[in-house]
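Engineer: Okay, here's the prediction I keep looking at, along with the sequence it came from:
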Amino acid sequence: MWPWYALQIRSRYEKYSAAWLDQKRYECFLPLSMSRRRWSDRIKEFEVPLFSGYLFCRFDVLHRLPILQTPGVLGIVGVAKTPVPVPDEEIAALQRVVDSGVSAHPWPFLRVGQRVRIEQGPLAGLEGFIVSVRSHCQLVVSVTLLQRSVAVEIEPAWLGLPVQTRTATR
């Protein structure tokens, strides 16, 4: 299995690029959520990317030209033109969020906060940061490389004990 990479995609081309990469037989992951838009005469619900302008793809970084030639793909996210893989744990957490059917929406990236593990419910075993918004409990799952996060509304009863963060020893 190749590692996951984040691809920067032209605005509003995420689904189109994902379809092209799927047709080329690459494994892609485009996390989507439901969004409601109100017009003067109606309300419409449709799917939008959780990370606007990005999608995730598994591939051999040494053979990335077909990826970069895909319509809508602007580049591979990395440091100093070197692609950096997204940790499998972060992709797995996002996939669990999407598969759970729990309402999710984009959230500002968090560096500080209490990291917790969900002990019950459809997201049991998942780790993330807990925040409280308007008396609702939400779990924030982050993709460090993109500096983006997703918030998922959870039941307070699902929460377990705080997770110990790893500290560097000298």
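Structural biologist: Happy to help now that I have it. Residues are numbered from 1 along each chain as shown.

Engineer: Is the closest residue to residue 29 other than its chain neighbours in a helix, a strand, or coil?
Structural biologist: Leaving aside its chain neighbours, residue 29 sits nearest to residue 56 (4.3 Å; criterion: CB to CB, 6 or more residues apart in numbering). Using the backbone N, CA and C atoms, a C-beta is placed for each residue, glycine as well. Using DSSP: H, G, I helix; E, B strand; the rest coil, the structure places residue 56 in strand.

Engineer: Run through the bridge partners of residue 56.
Structural biologist: Residue 56 forms beta bridges with residue 6, residue 29, as assigned by DSSP bridges.

Engineer: Could you report the neighbour count for it?
Structural biologist: 23 (other CB atoms under 10 Å).

Engineer: wait, it sits on residue 28?
Structural biologist: Yes. Residue 56 is within contact range of residue 28, at 6.8 Å (criterion: CB atoms under 8 Å).

Engineer: Just give me how far stretch 147-161 sits from the chain centre.
Structural biologist: Distance, stretch centre to chain centre, for stretch 147-161: 14 Å (CA atoms, centre = their mean, to the nearest Å).

Engineer: Run through who's touching it.
Structural biologist: With contacts defined as CB atoms under 8 Å, 6 or more residues apart in numbering, stretch 147-161 is touched by 31, 33, 50-51, 54, 94, 97, 100, 102-110, 116-121, 123-124, 128, 130-131, 133, 136-143.

Engineer: Show the buried residues in the residues you listed.
Structural biologist: 31, 33, 50-51, 54, 94, 97, 100, 102, 104, 106-107, 116-118, 123, 128, 130-131, 137-143 (16 or more other CB atoms under 10 Å).

Engineer: for the chain, which spans come out with low pLDDT?
Structural biologist: 108-114, 133-135, 161-170 (pLDDT under 70).

Engineer: please redo it, this time with the cut-off set to 50
Structural biologist: For the chain, the stretches flagged by pLDDT under 50 are 112, 167-170.

Engineer: what's the domain layout of it?
Structural biologist: Domain ranges of the chain: 4-86, 88-160, per automatic domain parsing.

Engineer: how long is the first one end to end?
Structural biologist: End-to-end span of domain 4-86 (CA to CA, to the nearest Å): 5 Å.

Engineer: swap in stretch 41-56?
Structural biologist: 36 Å.

Engineer: Grab the most central residue of this structure for me.
Structural biologist: residue 94 (4.9 Å; CA atoms, centre = their mean).

Engineer: So what does residue 88 have for phi and psi?
Structural biologist: phi -60, psi -30 (degrees, to the nearest 10).

Engineer: which residues does it contact?
Structural biologist: Residue 88 neighbours (CB under 8 Å, 6+ apart): 3, 4.
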